[in-house]
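K.L.:
Provide a 3D model corresponding to the input given below.
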Amino acid sequence: MPRAYHTLSIQDSRCLLVYLAYLEKELNPAFRKILSRIVIEYIGNFTLKHCRSTLSEEMTAAALFFGFAAMYWKNLRQPPAGHEDDWIFERFFHWAQGQRNKNRFPGRDMELISAHMSEAMQRIFPQPDAFGRLPRTGRYQPETALIALRNGQSGMAAVLRCLGPSVNLYKSATASRIHYTQVPATLQSLLRTIKAQWAFESPSTRTNIRRFLNKLADRYRVAGSNAATSGYPAARNLRFTASKTNRMIQTFIASLV
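P.N.:
Numbering: from 1, shown residues only. This next block holds a predicted model:
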């Protein structure tokens, strides 16, 4: 196993091909995610052990950090086809962080890149607090939402949290502080980005985008129906947003080929 660091030998590198072969054939998402983690940990432990014959411990940790950071960005922006739900980038993130922590003199570049990776994860996949509120992560960017949609079910859920109705349907803003009256314009910017990139997206990402749009339309359909019988001041804005959002989504889905 990759964690058996002290038993790794040069000959063990041949086992990586076996892991990769199983990874390509495995259909069970949970097991595939485990195999992906094993491959990444194997590479990390193997490199960490056998590079030290020529490099110092600090230099090895730094080299691994920058390598894992590069793979983090690559897999975050565009996960391998068929592995959108595996969150491979997350394993590279944890390994990069681990190498930074092992380095007694991490340097300013390592600290900045580490902080940037962490901030990107929080911005692309914001997590609500106990009251359903999302943190302030700066101006909403459609390019960020598209990256989330490329990363499977969890990515879809993250964008729904940003653009869908909030926990309290009659507040003047969603949990991410986008006012209901601003949702159509915000969604329109995302749809333009999706349209421009549609031909370059993988079949799995295209499926995720369609599912996301249908789920968003369903949520606003229900929210608009509930607002129709509400006397809350924000209900009028919600009814307007729900109707316009649904029309926009249906028109856009029909335009996709």
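
K.L.:
Please name the residues that touch R239.
P.N.:
G224, A227, A228 (CB atoms under 8 Å, 6 or more residues apart in numbering). Heads up, the C-betas are built off the backbone N, CA and C, glycines and all.

K.L.:
Most neighbours among the residues you listed, which one?
P.N.:
Greatest neighbour count in the contacts of R239, by other CB atoms under 10 Å, goes to A227: 23 neighbours.

K.L.:
which residues touch stretch 94-107?
P.N.:
Under CB under 8 Å, 6+ apart, the answer for stretch 94-107 is 40-41, 44, 57-58, 61-62, 64-65, 68-69, 72, 110-111, 113-114, 117.

K.L.:
Just the ones of those in helices?
P.N.:
Mapping the contacts of stretch 94-107 onto helices (DSSP state H) picks out 40-41, 44, 57-58, 61-62, 64-65, 68-69, 72, 110-111, 113-114, 117.

K.L.:
Only whichever of those residues are buried, select them in PyMOL.
P.N.:
Burial among the ones in helices among the contacts of stretch 94-107 is assessed by 16 or more other CB atoms under 10 Å; the matching PyMOL selection reads:
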select buried, resi 40+41+44+61+62+64+65+68+69+72+110+113+114+117
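
K.L.:
Tell me which helix or strand K33 sits in.
P.N.:
Assessed by DSSP states H and E, K33 sits inside helix 29-50.

K.L.:
So which elements touch that helix?
P.N.:
For helix 29-50, the packing partners by 3 or more CB pairs under 8 Å, 6 or more residues apart in numbering; DSSP states H and E come out as helix 15-25, helix 57-77, helix 88-102.

K.L.:
Of the ones you listed, flag the one that's most buried.
P.N.:
Across the helices and strands packed on helix 29-50, averaging neighbours per residue (mean count of other CB atoms under 10 Å) puts helix 88-102 on top, at a mean of 20.

K.L.:
angle of that one against helix 29-50?
P.N.:
Counting by axes from the mean of the first three to the mean of the last three CA atoms, to 10 degrees, helix 88-102 points 30 degrees away from the direction of helix 29-50.

K.L.:
isn't L146 right up against K195?
P.N.:
No. With contact defined as CB atoms under 8 Å, L146 does not reach K195; the gap is 10.7 Å.

K.L.:
out of these two, which sits in the more crowded spot?
P.N.:
Higher neighbour count among L146 and K195: L146, with 21 against 12, using other CB under 10 Å.

K.L.:
Point me to the helix or strand that includes the more buried one.
P.N.:
L146 belongs to helix 142-149 when assigned by DSSP H and E.

K.L.:
and what of R239?
P.N.:
Going by DSSP H and E, R239 is in helix 235-255.

K.L.:
Not counting the top helix by length along the chain itself, show me its contacts.
P.N.:
Criterion DSSP H: the longest helix present in the chain is helix 203-227. By CB under 8 Å, 6+ apart, the surrounding residues in contact with helix 203-227 are 81-82, 84, 149-150, 152-153, 155-156, 159-160, 163-165, 169-170, 187, 194, 198, 201, 235-236, 238-239, 241-243, 245-246, 249-250, 252-253, 256.

K.L.:
Give me the buried positions along it.
P.N.:
Neighbour count says helix 203-227 has 204-205, 208-209, 212-213, 216-217, 219-220, 223-224, 226-227 buried, by 16+ other CB under 10 Å.

K.L.:
Throw these into TSV and include pLDDT and distance to P126, thanks.
P.N.:
Compiled in TSV, these are given as follows (pLDDT from 0 to 100; distance: CB to CB, whole Å):
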residue	pLDDT	distance to P126
S204	87	23
T205	90	20
N208	90	18
I209	93	19
F212	93	16
L213	93	20
L216	91	16
A217	91	22
R219	88	17
Y220	87	20
A223	82	20
G224	82	24
N226	80	25
A227	76	25
